[in-house]
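**Student:** A structural model of the following input is requested.
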Amino acid sequence: MQHEKLDQEDKCTNEKDMVSAGDDRLRWDKELDFILSCIGFAVGFGNIWRFPYLCYKNGGGAFFIPYIIFMVFGGIPLFLLEVTIGQFMSYGGIRVWQICPIFKGIGYATTVIVFWLNQYYIVIIAWALFYFFNSFSSELPWSHCQNPWNTPNCTEFKDYTEDFNTTINITDEYLSTSSVSEFWEREVLQISSGLSEMGGLRWPLVGTLLLAWILTYFCIWKGVRSSGKVVYFTATFPYVVLTILLVRSLLLKGATEGLVYYIKPNITRLGDAQVWVDAGTQVFFSYAIGLGSLTALGSYNKFNNNCYRDTLIVACVNSFTSFYGGLLIFSVLGYMSVEQGVPIEDVATKGPGLIFIAYPKAVSMMPLSPLWSCLFFFMILLVGMDSQFVTVEGFVTAISDFFPRFLNRGYNRELFVLFICTISFLCGLFMVTRGGMYVFQIYDYFSASGMVLLCMAFFECVAIGWVYGGERLYNDLERMIGYRPLVIFKWCWKIITPAISLTIWIFSVVTWTPLVYEDYVYPPWGVALGLLIATSSMICIPAWVVFSVATTQGSFRERLKKLSTPNLRQYHDHLPISQNEHSIELQGKKK
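**Tutor:** Numbers count the residues shown, from 1 in each chain. The predicted model follows:
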């Protein structure tokens with residue numbers, strides 16, 4: 001009987017390719033759908049603006065040494081862990097933790113993180129859309145000072161390109177008085193004086209934010225059947241645009257100097273502990289660890305999909321993109337340095353300033369500047385969109401796993417996704433007010449910070465490596481893919497990766513500094529709000545441990561035993577299970 005069910009499900013290629021008896025879970029049409037979705041999700045703004053800056057700041061080419069170490073022993077093992085348990089259990093971020101019931105709080109924690117992340121990440125896309133639409137003009141509006149929002153102190157720096165001696169005497173405040181900076185602060189943001197002065201809504205940004213959410217909705221409203229097709233464009237075309245822009249940038253005067261600053265190794269910087277912390281944090285951030293979305297993506301795989309191979313492919317593409325994007329950014333910064341006659345460190349910034357101030361300033365100096373501006377912000381839009389809709393899909397999956405039959409009936413899923421997108425859009429309106437940038441910085445600094453993600457990574461390793469068992473998951477992975485992966489992954493899950501996560505987390509806590517935005521120091525209540533957002537996710541883990549132990553019957557020892565025993569039969573009741581190992585035994589499924 002068991003063999004007949006397996007044979008029947010192997011032949012099931014229609015939209016209702018089932019996980020278990022009576023389950024309606026959809027599957028990826030092709031394995032490439034899953035790979036491209038993972039690439040689109042993992043490759044985001046951090047690859048474009050954060051990695052190049054950290055590489056420049058922390059020793060250039062020498063930064064690759066700690067980065068690769070943490071990638072091999074931290075990022076890839078955790079990426080594989082999250083995808084594997086999702087594929088193994090065929091559930092998203094919350095219910096997947098029935099594999100280790102006492103740590104189900106990890107699922108709730110990652111869902112809370114994604115709830116906050118969905119609200120603020122898309123605001124960057126709204127800004128990019130605003131710049132994209134403003135690029136369709138004969139002259140870029142931020143390239144000159146003849147606009148209503150410009151002040152008498154506005155400076156067009158391209159006027160100084162013929163006289164380097166003049167530009168060298170310009171004060172360090174050139175960013176705050178440049179036409180590009182005034183466009184960003186006085187037109188795009190119309191920024192207020194502080195968090196206590198929120199001001200009114202910026203209606204153009206409300207419009208672009210709404211458009212971003214509409215695009216997100218129609219990317220995921222049909223589940224992986226729609227998002228799995230969208231990523232064929234959103235995950236690949238950015239590389240076409242990136243290559244076009246890179247070729248153009250390499251032909252600019254000063255591009256070589258910028259590349260030297262980017263990759264020139266400074267081995268002495270490796271003696272600074274902060275360099276290693278930056279590398280580790282970047283790996284965890286770039287690989288999107290601890291959000292539950294990778295688990296959701298993996299849950300739509302067929303049981304014997306080679307997720308091990310897919311993980312290695314995505315890891316290589318993700319890290320390559322970080323380096324490749326840095327070539328573009330620093331060739332442009334080198335050009336700006338030469339044109340303005342200022343040191344490159346004065347134009348190398350991180351965060352939104354790199355995308356919305358430094359690069360717009362560079363393209364305004366180029367011939368055919370509207371064309372290059374359109375291409376750049378279109379690339380930014382695509383890079384952000386696929387990360388956004390996969391993150392929303394992860395949140396939807398985590399919630400809908402509790403009501404699979406109801407949400408797969410009629411138009412219920414479409415309506416549920418619409419509800420999630422609408423609520424997130426309304427919450428995000430706070431970040432498109434005149435004081436919205438201050439709110440955005442709170443979200444960015446606290447909700448999905450390295451400190452929070454490292455916490456998730458550590459407890460995931462503890463739950464799988466020590467409670468469920470690293471050896472057991474290693475064997476389960478072998479059963480799914482048909483051969484034994486490198487044994488180092490088993491030891492990473494148990495010892496190496498949690499040690500790395502805990503060490504970096506402790507260092508991050510010890511060296512934590514209060515949040516500031518440029519010269520604005522946040523009031524205590526603003527910092528308290530940020531800490532509340534950060535703890536709202538992390539508190540879920542210990543809270544669930546206490547709750548589950550308190551509500552489980554039996555002696556304390558019996559409770560711990562029950563809560564540390566994986567509950568697998570209800571998820572794969574069509575497959576024979578060894579009661580001793582609590583693992584799925586595939587009969588004739590090895591490749």
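**Student:** Quick check: end-to-end length of stretch 84-94?
**Tutor:** 15 Å (CA to CA, to the nearest Å).
**Student:** Let's test this: mean pLDDT of that stretch, rounded?
**Tutor:** On average, the pLDDT along stretch 84-94 is 92.
**Student:** can you count the residues close to G470?
**Tutor:** Using other CB atoms under 10 Å, the number of residues around G470 comes to 20. Backbone N, C-alpha and C define where each C-beta goes, glycine included.
**Student:** my bad, L328
**Tutor:** When neighbours are counted by other CB under 10 Å, L328 registers 26.
**Student:** Excluding sequence neighbours, find me the nearest residue to it.
**Tutor:** Excluding the flanking residues, the one nearest L328 by CB to CB, 6 or more residues apart in numbering is L246, at 4.6 Å.
**Student:** Skip the chain neighbours and tell me the closest residue to A62.
**Tutor:** P265 is the one closest to A62 (CB to CB, 6+ apart), at 4.2 Å.
**Student:** roughly how far out does the strand or helix carrying S319 sit from the chain middle?
**Tutor:** For S319, the element it lies in under DSSP states H and E is helix 307-340. Mean C-alpha position of helix 307-340 versus that of the full chain (CA atoms, centre = their mean, to the nearest Å) differs by 15 Å.
**Student:** Please give the number of neighbouring residues around L515.
**Tutor:** Neighbours of L515 using other CB under 10 Å come to 18.
**Student:** Can you name the residues that contact it?
**Tutor:** Contacts for L515 (CB atoms under 8 Å, 6 or more residues apart in numbering) come out as 441-442, 445-446, 522, 526-527, 530.
**Student:** any idea how far the closest residue to W142 other than its chain neighbours lies from M437?
**Tutor:** Once flanking residues are discounted, W142 sits nearest to F183: 3.5 Å by CB to CB, 6+ apart. In this view, F183 and M437 are 14 Å apart by CB to CB, to the nearest Å.
**Student:** Neighbour count: the two, which is higher?
**Tutor:** Shown here are F183 and M437; by other CB under 10 Å, F183 has more neighbours (28 against 25).
**Student:** ok, now which ones touch the more buried one?
**Tutor:** By CB under 8 Å, 6+ apart, F183 lies in contact with 141-142, 147, 149, 360.
**Student:** Please identify which two of those residues are farthest apart in space.
**Tutor:** W149 and P360 (14.8 Å; CB to CB).
**Student:** of these two, who's got more company?
**Tutor:** A side-by-side neighbour count of W149 and P360, using other CB under 10 Å, places P360 first with 25 against 15.
**Student:** Contacts for the one helix or strand that one maps to, please.
**Tutor:** Per DSSP H and E, P360 falls inside helix 359-364. By CB under 8 Å, 6+ apart, the residues outside helix 359-364 that reach it are 131, 140, 142-143, 157-158, 178-180, 183-184, 329, 332-333, 335-336, 369, 372-373, 376.
**Student:** Tell me which of these fall in strands.
**Tutor:** Judged by DSSP state E, the subset of the contacts of helix 359-364 located in strands is empty.
**Student:** And those residues, which of them are buried?
**Tutor:** Buried members of the contacts of helix 359-364, counted by 16 or more other CB atoms under 10 Å: 131, 140, 142-143, 157-158, 178-180, 183-184, 329, 332-333, 335-336, 369, 372-373, 376.
**Student:** Got the phi and psi for L201?
**Tutor:** phi -70, psi 140 (degrees, to the nearest 10).
**Student:** and it, what are its bridge partners?
**Tutor:** T433 (DSSP bridges).
**Student:** Hmm, L429 and it touching each other?
**Tutor:** Yes: using CB atoms under 8 Å, L201 is in contact with L429, at 6.6 Å.
**Student:** What helix or strand is I68 located in?
**Tutor:** Going by DSSP H and E, I68 is part of helix 64-70.
**Student:** and that helix, C-alpha only, in PDB?
**Tutor:** C-alpha atoms of helix 64-70 as PDB (Å, rounded to 0.1, in the frame of the first residue of the first chain):
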ATOM      1  CA  PHE A  64      37.600  38.500   1.400                       C
ATOM      2  CA  ILE A  65      39.500  36.200   3.800                       C
ATOM      3  CA  PRO A  66      37.200  36.600   6.800                       C
ATOM      4  CA  TYR A  67      34.200  36.800   4.400                       C
ATOM      5  CA  ILE A  68      35.000  33.500   2.700                       C
ATOM      6  CA  ILE A  69      35.700  31.800   6.100                       C
ATOM      7  CA  PHE A  70      32.300  32.900   7.500                       C
END
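**Student:** counting contacts, what elements does that helix pack onto?
**Tutor:** Applying 3 or more CB pairs under 8 Å, 6 or more residues apart in numbering; DSSP states H and E, one finds that helix 64-70 makes contact with helix 273-286, helix 307-340.
**Student:** Compute the number of surrounding residues for V240.
**Tutor:** V240 has 12 neighbours, counted by other CB under 10 Å.
**Student:** residue nearest the centroid of the chain?
**Tutor:** Per CA atoms, centre = their mean, the C-alpha nearest to the average position across the chain is that of A288, at 4.6 Å.
**Student:** what residues are up against it?
**Tutor:** Contact analysis of A288 by CB under 8 Å, 6+ apart lists 41-42, 44, 294, 387.
**Student:** ok, those residues vs M365, which is closest?
**Tutor:** G44 (27.2 Å).
**Student:** OK, contacts around the residue nearest to that closest one when sequence neighbours are not counted?
**Tutor:** Closest residue in space to G44, ignoring its immediate chain neighbours: S387 at 4.0 Å, by CB to CB, 6+ apart. When contacts are counted by CB under 8 Å, 6+ apart, S387 touches 40-45, 121, 288.
**Student:** Export these as JSON lines, with columns for secondary structure, distance to L252 and pLDDT.
**Tutor:** Formatted as JSON lines, those follow (DSSP: H, G, I helix; E, B strand; the rest coil; distance: CB to CB, whole Å; pLDDT from 0 to 100):
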{"residue": "G40", "secondary structure": "helix", "distance to L252": "29", "pLDDT": "88"}
{"residue": "F41", "secondary structure": "helix", "distance to L252": "32", "pLDDT": "87"}
{"residue": "A42", "secondary structure": "helix", "distance to L252": "30", "pLDDT": "85"}
{"residue": "V43", "secondary structure": "coil", "distance to L252": "25", "pLDDT": "85"}
{"residue": "G44", "secondary structure": "coil", "distance to L252": "26", "pLDDT": "85"}
{"residue": "F45", "secondary structure": "helix", "distance to L252": "23", "pLDDT": "84"}
{"residue": "Y121", "secondary structure": "helix", "distance to L252": "31", "pLDDT": "93"}
{"residue": "A288", "secondary structure": "coil", "distance to L252": "32", "pLDDT": "86"}
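**Student:** For the helix or strand hosting L415, list the C-alpha coordinates in PDB.
**Tutor:** According to DSSP H and E, L415 maps onto helix 412-428. What follows is helix 412-428 as a C-alpha-only set of coordinates in PDB (Å, rounded to 0.1, in the frame of the first residue of the first chain):
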ATOM      1  CA  ASN A 412      -9.300  32.500  -0.400                       C
ATOM      2  CA  ARG A 413      -5.500  32.600  -0.900                       C
ATOM      3  CA  GLU A 414      -5.700  35.600  -3.200                       C
ATOM      4  CA  LEU A 415      -7.900  37.500  -0.600                       C
ATOM      5  CA  PHE A 416      -5.500  36.500   2.200                       C
ATOM      6  CA  VAL A 417      -2.500  37.700   0.400                       C
ATOM      7  CA  LEU A 418      -4.400  41.000  -0.400                       C
ATOM      8  CA  PHE A 419      -5.100  41.400   3.300                       C
ATOM      9  CA  ILE A 420      -1.500  40.900   4.200                       C
ATOM     10  CA  CYS A 421      -0.300  43.300   1.600                       C
ATOM     11  CA  THR A 422      -2.900  45.900   2.600                       C
ATOM     12  CA  ILE A 423      -2.000  45.800   6.300                       C
ATOM     13  CA  SER A 424       1.700  46.000   5.500                       C
ATOM     14  CA  PHE A 425       1.100  49.000   3.200                       C
ATOM     15  CA  LEU A 426      -0.800  50.900   5.800                       C
ATOM     16  CA  CYS A 427       1.900  50.300   8.400                       C
ATOM     17  CA  GLY A 428       4.500  51.500   6.000                       C
END
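**Student:** Sounds good, over and out.
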